[in-house]
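Trainee: Turn this into a model:
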Amino acid sequence: MQRDKMSVLAAMLLLLITCAIITTSNGASSASRKCEDSLVTLLPNKAFNSSSEYGRGYGAGFAKLNRIQGAGGWSPLDTDRYQWLQVDLGSRKQVVSIATQGRYRSFDWTSQYRLLYSDTANNWRPYLKDGNIW
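Mentor: Model (predicted):
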């Protein structure tokens, strides 16, 4: 099935989020994880939420790098004009990199996205670099 270019724009997002410092709720740093380790690889599927899913096997929980389970990644409905993927990292983290890749065995991929973050899941702020939204 060929998907239109607009839906492919944000149709697929697979995440690798790495840390610089992991902090607990009291601000103490933790050395339990190497900073090169992915923060999302070990997260359960319930830590992922999305605006929609294309169908069974395309759910938000499949949005992890190098995964072939399900349909090989997350894809929202074609009719979803405001597609989003949310990942709950469980506690406050300093994120230093994000990687994306297309859906396994597919021509679906994300060509651009906007990164927002929140401690409360209510007050979302865009990630700014040099005063610009990235």
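
Trainee: Show the pLDDT at the residue nearest to Y127 when sequence neighbours are not counted.
Mentor: What sits nearest to Y127 in space, not counting adjacent residues and going by C-beta to C-beta, 6 or more residues apart in numbering, is L115, at 4.2 Å. Every residue, glycine included, has its C-beta placed from N, CA and C. Looking at L115, its pLDDT is 87.

Trainee: so how far is A71 from L115?
Mentor: According to C-beta to C-beta, to the nearest Å, L115 and A71 sit 24 Å apart.

Trainee: higher neighbour count, those two?
Mentor: Neighbour count, other C-beta atoms under 10 Å: between L115 and A71, A71 has more, with 21 against 13.

Trainee: how about the more buried one, what does it touch?
Mentor: By C-beta atoms under 8 Å, 6 or more residues apart in numbering, the contact set of A71 is 54-55, 57-58, 62, 103-104, 106.

Trainee: Looking at those, which is nearest D119?
Mentor: Of all the contacts of A71, F62 has the smallest distance to D119: 25.7 Å, by C-beta to C-beta.

Trainee: I'd say the closest one and I68 touch.
Mentor: No - judged on C-beta atoms under 8 Å, F62 makes no contact with I68 at a distance of 9.3 Å.

Trainee: Comparing these two, which residue is more hemmed in?
Mentor: Neighbour tally, F62 and I68, criterion other C-beta under 10 Å: the higher count belongs to F62, 23 against 11.

Trainee: For that one, which non-adjacent residue is spatially closest?
Mentor: With C-beta to C-beta, 6+ apart as the criterion, F62 has its nearest non-adjacent residue at 4.4 Å, and that residue is G70.

Trainee: Can you check what pLDDT the model gives that neighbour?
Mentor: At G70, the model reports a pLDDT of 82.

Trainee: Would you mind measuring from it to Y82?
Mentor: G70 sits 23 Å away from Y82, going by C-beta to C-beta.

Trainee: same check, this time on F107
Mentor: On the measure of C-beta to C-beta, F107 and Y82 end up 23 Å apart.

Trainee: More neighbours: the two, which one.
Mentor: For F107 versus Y82, neighbours defined as other C-beta under 10 Å are more numerous around F107 (11 against 8).
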